[in-house]
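> Compute the structure for the input listed below.
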Amino acid sequence: MEEAPLRNLRELAWFERNLDAGVSTLHLDEARLIAGDWDGGIHCWDLEGERLWRTQTSNRVSNVALGGDFLFAVCGRDIVCLDLESGEIRWKVELEGSSDLVACTPDGSTILATSSVFDLEMNDFLEATFWRFNAEGELLRQDSINERPWSIEMRDDGVAFLPLSRPRCGMIRSEADGLHHRPLPTSSPATCGSSGQYHTVIGHADGTLTALDDGMVMDDDTYTNQPGSIESISAMEPGFLVAIAIEAGAVGAGFGGAEGLARAYDKNGTLLWQIETPLGRNIEHVVYGPTIDNNSTAWVVSWDDRLSIIETRTIPNGDSVMCVEMESRANAVIGNSQYLALGFDDGSVYLLQGDLLTRRLTSEGASEGDEHRSNLAEKLRRLRS
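You can find the predicted model right below:
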C-alpha cells in the first residue's frame, strides 16, 4: 500500500480544545463530547465545540458511563454521579484502592464500578473489588476477587460480564446476587475487550480472540487467533480491527521483526489488510472513524516514546487517506461514522468530522482567505468556551 500523505491535524479538525492536564478518557455520542483529565477535570462540549459545563473531581478520571440523565465517572479512589445537563455532582462514594471501570444500565438505575489494589513490590494487582450501586448512590453489594477485570459489558437488566487477568483468568458474570466465575476457551489472561454492534470480543495475552453473545461463548471461526498479545480491539460494522504486540524475534509470522501489527477484517473474519510498525513503535489504538469521500475508515494510532503517528485507511481496500504526526501521546481515541475524537497527553482534544475532512482532504489546499476565516472562527469558539 502507498504511503499516506502527511497532514496537519489542527488544519483538519472540526474543533480543537486545550485542557490544563493530560486527557485520560473520552466519550462521544450523537450530542456531545466528554473528556476526563489526569487532574480530575470532566469537560463537556456539544458537537459544535460550545462548552456545556466543566466539573472538578478528586483525581484522574479513568472511565465514564452515561445512563438516563446522569454521567457516572470513576476518579482516583471515587465514583461520582453527575447531572448530565449541568455537570453538577449529585453524589460521590469513596472506593477501596484505585477505581478502574464503570458501566450502567441505559436508564442509569444500576451502576457497576471496579477498583483494584496494586502491589509495588510484586509489580502486580493483588485484589479487585466490584461495587454495585443504585441511582441514588446506595451501595447494593460489594464483592472482592484476586483478579483484575480489563473490560466491562453491562446488559439492560444490570447483568455484567468482565474478562479477568491471572490467576484464574476466565470471566466474571456480575449479578444482583453476586459474582459467578466461568472459564473461557483459553486460559490466557484478558488484555482488552470491545462491545461491538452484535456481540463482545475479548483479546487475550496469547493472541486469542473470544467472542461472546449475551455472555455465551460463540462457537465460530470468525475471530482468528493472532501472533501476539492483543492490545486493542474495535468490533463494529463493517467488521473488526485488532492491534497486536509482537515480541522481538517471534518465529513463524514473517513480520520482519515488527513490534506492532494492526489488522482489518470484514464481518466474516476475512483479512482485508494489515499495517506493520518498526521495532520500538507500538500500536496502542485501533478504531473505526467517520466516512470520508463515501468510504468507511479505520484509524491506527502508534507511539514510540517520541511521536504519535495516526494513520487513516479505507475499508475495505486499505487505501491511504492521511497520516498525522504529533509530539504527544494519544491517550484516548473514539470514533463513529460521523466523528472521531482524539485526546493527548499534552491536554489537547481534537474532534474531526467526516464531511469537513472530505472537503479538506480532496481540495488542493486552503486559500489564505479560507485559513484566515478558519482561524477567526476558532478564536471565537475559544472565547465562547
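> Identify each of the helices in the stretch 1-150 of the chain and give its residue range.
Secondary structure of the stretch 1-150 of the chain (DSSP state H, counting those that start in this stretch): helices at 9-12.
> where does it dip in pLDDT?
1-2, 118-125 (pLDDT under 70).
> from the middle of its chain, how far away would stretch 202-210 be?
The chain centre lies 17 Å from the centre of stretch 202-210; the measure is Cα atoms, centre = their mean, to the nearest Å.
> List of residues touching that stretch?
With Cβ atoms under 8 Å, 6 or more residues apart in numbering as the test, stretch 202-210 has contacts from 151, 163, 171, 184-186, 188-193, 201, 211-212, 217, 223-233, 242, 244. To be clear about C-beta, it is placed using only N, CA and C from the backbone, and glycine gets the same treatment.
> Can you say which of these are buried?
151, 163, 171, 184, 186, 188-193, 201, 211-212, 223, 226-233, 242, 244 (16 or more other Cβ atoms under 10 Å).
> Sort out for me which of these are in strands.
Applying DSSP state E to these, the entries found in strands are 163, 171, 190-193, 201, 211-212, 229-233, 242, 244.
> Show me the two of those that sit farthest apart.
171 and 244 (21.4 Å; Cβ to Cβ).
> Without its sequence neighbours, what residue ends up closest to residue 173?
Excluding the flanking residues, the one nearest residue 173 by Cβ to Cβ, 6 or more residues apart in numbering is residue 180, at 4.4 Å.
> ok, now how distant is the one you found from residue 87?
Distance of residue 180 to residue 87, computed by Cβ to Cβ, to the nearest Å: 36 Å.
> Give me the pLDDT for the nearest residue to residue 155 once chain neighbours are set aside.
Leaving aside its chain neighbours, residue 155 sits nearest to residue 214 (7.3 Å; criterion: Cβ to Cβ, 6+ apart). Residue 214 carries a pLDDT value of 80.
> and the residue lying closest to residue 166 once chain neighbours are set aside, what does it touch?
Nearest non-adjacent residue to residue 166, counting by Cβ to Cβ, 6+ apart: residue 189, 5.0 Å away. For residue 189, the contacting residues are 164, 165, 166, 169, 204, 205, by Cβ under 8 Å, 6+ apart.
> With respect to residue 100, which of those is nearest?
For those, the nearest to residue 100 is residue 165 (11.6 Å; Cβ to Cβ).
> ok, and the closest non-adjacent residue to the closest one?
residue 189 (4.3 Å).
> What distance do you get for the one you found to residue 168?
Taking Cβ to Cβ, one finds residue 189 at 9 Å from residue 168.
> cool, residue 222 as well?
According to Cβ to Cβ, residue 222 stands 26 Å off from residue 168.
> ditto for residue 339
Taken as Cβ to Cβ, the span from residue 339 to residue 168 is 39 Å.
> Would you mind telling me which of those two has more residues around it?
residue 339 (20 against 15; other Cβ atoms under 10 Å).
> Does the more buried one touch residue 48 like I think?
No. Between residue 339 and residue 48 there is no contact under Cβ atoms under 8 Å: 11.6 Å.
> Name the spans of the stretch 151-300 of the chain whose pLDDT lies under the cut-off.
Ranges of the stretch 151-300 of the chain meeting pLDDT under 70: 196-198, 220, 248-258.
> Run through the strands of it in chain order.
For the stretch 151-300 of the chain, applying DSSP state E, counting those that start in this stretch gives strands covering 153-154, 160-163, 171-175, 178-182, 190-195, 200-204, 209-213, 216-217, 229-236, 239-245, 260-266, 271-277, 282-292, 295-303.
> So which of the ones you listed is nearest residue 329?
Proximity to residue 329 (Cβ to Cβ) singles out strand 295-303 among the strands of the stretch 151-300 of the chain, at 5.3 Å.
> and the next helix-or-strand element following that closest one, what does it pack onto?
Elements were assigned by DSSP states H and E; along the chain past strand 295-303, the next helix or strand is strand 308-315. Applying 3 or more Cβ pairs under 8 Å, 6 or more residues apart in numbering; DSSP states H and E, one finds that strand 308-315 makes contact with strand 271-277, strand 282-292, strand 295-303, strand 320-326.
> Tell me the gap between strand 308-315 and the middle of its chain.
That offset, for strand 308-315, works out to 16 Å (Cα atoms, centre = their mean).
> Sheet partners, orientation included, of it?
Sheet pairing of strand 308-315 (DSSP bridges) gives strand 295-303 (antiparallel), strand 320-326 (antiparallel).
> Any chance you could list what contacts the first one?
What it means is strand 295-303. The contact list for strand 295-303 (Cβ under 8 Å, 6+ apart) reads 234, 238, 241, 243, 260, 262, 264, 275, 277, 281-291, 308-315, 319, 321, 329-330, 333, 335, 337, 340, 342.
> tell me the angle that strand makes with strand 260-266.
Per axes from the mean of the first three to the mean of the last three Cα atoms, to 10 degrees, the angle that strand 295-303 makes with strand 260-266 is 160 degrees.
> do the last one as well
What separates the directions of strand 320-326 and strand 260-266 is an angle of 150 degrees, with the same axes, to 10 degrees.
> May I see the buried residues of strand 320-326?
Buried positions in strand 320-326, judged by neighbour count with 16+ other Cβ under 10 Å: 321, 322, 323, 324, 326.
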